[in-house]
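Visitor: Sequence first, then the predicted structure:
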Amino acid sequence: MSKATSSAPSQRMLRVGEQVRAALTQVLQRGEVRDPLIEKTVISISEVRMSPDLKIATAFVTPLGIADHAATIEALNRNAKYIRGRLTPHLRQMKYMPEVRFRDDTSFDNYKKIDDLLKSPEVVRDLKDEDGPTDKDGA
């Protein structure tokens, strides 16, 4: 049996990524990380992508209500080893505890750009033109 050649994540990678995301959420919600910037910031974890060997977890986070995401991401990466230790009780079934890396989630910015583009006058005008007049028969 040959290995799959697609770069899509396996079911196992997706499942473990979701377990790590849930564990990270619990650790951050409980305020277990004693960093002033992390303690006062509400952090949304949208996705965790696992490496194929499940040893690296890349968490995509969005600090809510803060314009400068870089400082929060840097604080999370600075405390990554401590956070990894706090994840251990939540992920006992794993053979190796994954190294956690935090990245800024830019997907919300992309969604906003697309939404703004769809609401632009040019696009609205073009969409109205597609409806166009109908025949007497309503076709």
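Guide: On my side now, so go ahead.
Visitor: Please report how far residue 37 lies from residue 104.
Guide: Residue 37 is 14 Å from residue 104, where distance means CB to CB, to the nearest Å. Backbone N, C-alpha and C define where each C-beta goes, glycine included.
Visitor: so residue 55 sits right up against residue 100, yeah?
Guide: No: using CB atoms under 8 Å, residue 55 is not in contact with residue 100, being 10.8 Å away.
Visitor: ok, the two, which is more surrounded?
Guide: residue 100 (22 against 13; other CB atoms under 10 Å).
Visitor: is that one in a bridge, and if so with what?
Guide: Partner residues in beta bridges with residue 100, using DSSP bridges, are residue 57.
Visitor: I'd guessed it sits against residue 80; true?
Guide: Yes: applying CB under 8 Å as the test, residue 100 and residue 80 come out as touching, 5.1 Å apart.
Visitor: Neighbours of residue 83, how many?
Guide: Count around residue 83 with other CB under 10 Å applied: 22.
Visitor: for this structure, what's the longest helix?
Guide: The longest helix of the chain (DSSP state H) is helix 11-29.
Visitor: Can I get that helix in CSV, CA atoms only?
Guide: C-alpha atoms of helix 11-29 as CSV (Å, rounded to 0.1, in the frame of the first residue of the first chain):
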residue,chain,number,x,y,z
GLN,A,11,-7.7,12.7,9.9
ARG,A,12,-5.4,12.0,12.8
MET,A,13,-3.6,15.4,12.4
LEU,A,14,-7.0,17.1,12.3
ARG,A,15,-8.3,15.3,15.4
VAL,A,16,-5.1,15.9,17.4
GLY,A,17,-5.0,19.5,16.3
GLU,A,18,-8.6,20.0,17.6
GLN,A,19,-7.6,18.4,20.9
VAL,A,20,-4.6,20.7,21.3
ARG,A,21,-6.8,23.7,20.4
ALA,A,22,-9.3,22.7,23.1
ALA,A,23,-6.5,22.2,25.7
LEU,A,24,-4.9,25.6,24.8
THR,A,25,-8.2,27.3,25.2
GLN,A,26,-8.7,25.8,28.7
VAL,A,27,-5.2,26.8,29.8
LEU,A,28,-5.6,30.4,28.5
GLN,A,29,-9.2,30.7,29.9
